[in-house]
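Engineer: After the sequence you'll find the predicted model.
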Amino acid sequence: MHLILGSTGHILHAGPTLRKMRAGLGLTGQRFLEVFEVKRPRALTSMADLVSHEPQKLRLKLRAPPHTALKGVLVPAVDGGGTMIVNLSFGISILDGVRDFALTNADFAATDLAIEMLYLVEAKTAAMEASYNLNSKLQGAKIAAEEQAFTDTLTGLKNRRALDTVLTRLLGASNSFAVMQIDLDYFKTVNDTLGHAAGDHVLQHVARIMVDETRSHDLVARVGGDEFTVVLPDVRDESILRRVGRRIIERLEVPIPFEGTDCKISASIGTVWIQPGDRPTMEDLLSNADVALYASKHAGRATQTLYTPDLRNAANAVAVPAARRPRPA
């Protein structure tokens, strides 16, 4: 990274690294100021200026692309014949120089601090890449853990935690949505007569049906043993709720084969339709859905009931007398 200049400013000799940087263009015989542009000091525009101000620290750049920035020191040669020596380095442009000219450690003197900088940059790059890979793995593990925390392992549906999260968001938005509480009829009979393997098979089959009969942006959650909740955002017509409930009930009444035996169940549904501007608490919302569900059970099962305040009044009227009955001795 050095040059020897004659008294006229022509390049008499160039170091091997500079020759590599100017491969095919040549340096020997060219004027120094035709190859390099002096950026600092600004007043130096001729060789006479450079010679009169030596020793001189220079900031330069190549006039030819890629216009690499360089630092230099100009000193007179010891022979006293008017020749000058220019010692050059990349400074903070070291990375650009290595990239643009495909330089390696062999292109620098063993004592050149640029080599130390390259090692530090390479070590930093490797460390940053390792850190990025680790962060990516941790982020992936975090996402998987969060997804698992919101998922029912048996059916693959969302769980109660996911349900609470979605309902909190919908209640805060004050938009129209509906909640269906669904309880499987006769499921206990399947479990008691055919075993838990049959029960698990039925629950997985039920989960697939509920996903099939709802929209992609609806939420289907398993919130208990044979209890499910469906949340339907943006519901504008009661007939939609009745159609969805009817399809789910009709499909669940079809016997489910298991190891040569038909598992027969049905579903009771209690539905609450929240209108824009309604602001119930989550507890009131789920309680109203339960009231509608119990009304479906009392109506003979395999049916859907939409919540109205009258259902709550009727449920309270039944509950109060029962609470006043004397306990058996």
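Structural biologist: Yep, that arrived.
Engineer: Where does the residue lying closest to A69 once chain neighbours are set aside sit: helix, strand or coil?
Structural biologist: Distances taken as C-beta to C-beta, 6 or more residues apart in numbering place S93 nearest to A69, at 4.5 Å, with adjacent residues excluded. For every residue, glycine as well, the C-beta is placed using N, CA and C. Here S93 is helix, with the state taken from DSSP: H, G, I helix; E, B strand; the rest coil.
Engineer: List the residues that contact S93.
Structural biologist: T68, A69, L70 (C-beta atoms under 8 Å, 6 or more residues apart in numbering).
Engineer: and the gap between it and A221?
Structural biologist: 59 Å (C-beta to C-beta, to the nearest Å).
Engineer: cool, and P309?
Structural biologist: Counting by C-beta to C-beta, the gap from P309 to A221 is 26 Å.
Engineer: Also E253?
Structural biologist: On the measure of C-beta to C-beta, E253 and A221 end up 22 Å apart.
Engineer: again, but for L171
Structural biologist: For L171 relative to A221 (C-beta to C-beta), the value is 16 Å.
Engineer: any chance of the contacts of S93 in a markdown table, with distance to S266 and pLDDT too?
Structural biologist: Below are those laid out as a markdown table (distance: C-beta to C-beta, whole Å; pLDDT from 0 to 100):
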| residue | distance to S266 | pLDDT |
| --- | --- | --- |
| T68 | 80 | 85 |
| A69 | 80 | 86 |
| L70 | 84 | 87 |
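Engineer: Out of those, grab the one that's most surrounded.
Structural biologist: L70 (21 neighbours; other C-beta atoms under 10 Å).
Engineer: The helix or strand containing it pairs with which strands, parallel or anti?
Structural biologist: Here L70, judged by DSSP states H and E, is contained in strand 69-76. Counting by DSSP bridges, the strands paired with strand 69-76 are strand 56-62 (antiparallel), strand 84-89 (antiparallel).
Engineer: Now do the buried residues in stretch 83-91.
Structural biologist: M84, I85, V86, L88, S89, F90 (16 or more other C-beta atoms under 10 Å).
Engineer: So in terms of bridging, what pairs with the fourth one?
Structural biologist: Read it as L88. Under the criterion used (DSSP bridges), L88 bridges to G72.
Engineer: Just say helix, strand or coil for the residue positioned nearest the centre of the chain.
Structural biologist: Closest residue to the average C-alpha location of the chain: Q139 at 7.8 Å, with C-alpha atoms, centre = their mean. State at Q139, reduced to three classes by three-state DSSP: helix.
Engineer: from now on call the first residue 32
Structural biologist: With the count now opening at 32, the last piece we talked about shows up as Q170.
Engineer: and it, how far is that from N164?
Structural biologist: 11 Å.
Engineer: nearest to A320, of the strands paired with strand 100-107?
Structural biologist: strand 87-93 (74.1 Å; C-beta to C-beta).
Engineer: Just the CA coordinates for that closest one, please, in CSV.
Structural biologist: C-alpha atoms of strand 87-93 as CSV (Å, rounded to 0.1, in the frame of the first residue of the first chain):
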residue,chain,number,x,y,z
GLN,A,87,1.5,15.8,4.8
LYS,A,88,-1.4,13.7,6.0
LEU,A,89,-3.8,13.2,3.1
ARG,A,90,-7.4,12.0,2.6
LEU,A,91,-7.8,10.6,-0.9
LYS,A,92,-10.1,8.7,-3.0
LEU,A,93,-9.6,6.8,-6.3
